[in-house]
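Asker: what's the 3D shape of this:
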Amino acid sequence: MSNQIEIKISAKRLSPEKFLEGAKDFFAMVQGVAKNVTNSTINWTVEVDKGSEILRMRIENPTRESEKSLDIVCQGMRSMRSGIRRIPNGFTRNEVSAARRLARLNDGDDIQSVTIKNGGPVEDVPMVVAETADAILSGQPQIAFGGIEGEIISLSARHGLSCTIYDPIQHREVTCYLQSKEAQADAVKGYTKRILASGLIHYAKEGHAVSITVDSMRIFRPDHELPTIEDVQAMFKQYK
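Answerer: Predicted structure coming up:
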């Protein structure tokens with residue numbers, strides 16, 4: 001992971017107004033995602049390479065959590081570039097709107113390309129990102145198959161057995177409707193444990209998951225039962 005992320009606007013002619021628009025939307029997207037996925041205050045430094053179209057944001061007080069937020073920005077851009085019509089993890093409608101405006105800088109004339117990089121591969125921000133963002137912001141789609149990982153924090157039998165998962169990535173609670181006896185039994189076994197629920201996910205208009213109709217559930221082993229570094233090293237020694 002990296003403690004910096006940069007945007008490059010390649011252009012034949014780049015007006016101050018266009019540069020400032022791009023900078024403003026880039027800042028809004030990066031800072032917005034960081035705020036959505038971290039619990040700590042991040043101090044930023046902005047750098048502009050001399051004689052270059054590169055604008056860089058650097059985290060002055062980097063943590064693993066804050067550096068991961070920069071990866072999530074790039075992952076979100078890849079998601080929208082691939083045409084997935086769902087708000088990317090860590091984004092809200094505000095960050096999707098900022099990404100849409102960045103993509104629309106690409107006019108194919110004065111501005112030839114917009115790219116983002118945070119230590120990994122360069123991520124293009126083509127016009128298709130704006131098209132995907134338009135579809136997302138119009139509220140489509142709201143249902144998709146997938147999985148939600150988190151800790152089961154409550155069980156309820158009020159209207160059929162259901163449970164609530166706390167999603168540590170989105171910092172939200174997600175209601176799980178347990179249709180099968182197997183899923184119900186797994187939810188009881190998995191109470192207070194970390195699990196992965198798979199099924200049909202229902203999303204709010206803002207893009208975050210609000211509920212899931214569970215087809216299957218996987219219970220993860222608690223941390224104290226996982227192999228330690230010493231255990232792994234001992235296993236490898238057997239094959240030397």
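Asker: list the buried residues of stretch 120-138.
Answerer: Within stretch 120-138, the residues that qualify as buried by neighbour count (16 or more other CB atoms under 10 Å) are 123-125, 129-130, 132-133, 136. Any C-beta I mention is one placed from the backbone N, CA and C, and that applies to glycine too.
Asker: restricted to strands, list those residues.
Answerer: 123-124 (DSSP state E).
Asker: can you redo the buried residues of stretch 120-138 as CSV with distance to S40 and pLDDT?
Answerer: Listed next are the buried residues of stretch 120-138 as CSV, based on distance: CB to CB, whole Å; pLDDT from 0 to 100:
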residue, distance to S40, pLDDT
E123, 25, 92
D124, 30, 92
V125, 27, 94
V129, 29, 94
A130, 32, 94
T132, 30, 91
A133, 28, 93
I136, 28, 85
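Asker: want to throw the buried residues of stretch 120-138 into TSV with distance to N36?
Answerer: Output for those, formatted as TSV (distance: CB to CB, whole Å):
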residue	distance to N36
E123	19
D124	23
V125	19
V129	19
A130	21
T132	19
A133	17
I136	15
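Asker: in this structure D134 contacts R101, no?
Answerer: No - using CB atoms under 8 Å, D134 is not in contact with R101, being 11.5 Å away.
Asker: what does the longest strand along the chain rub up against?
Answerer: Scanning the chain for the strand with the most residues, using DSSP E, yields strand 143-156. Contacts with strand 143-156, where a contact means CB atoms under 8 Å, 6 or more residues apart in numbering, come from 86, 161-169, 173-174, 176, 187-188, 190-203, 209, 212.
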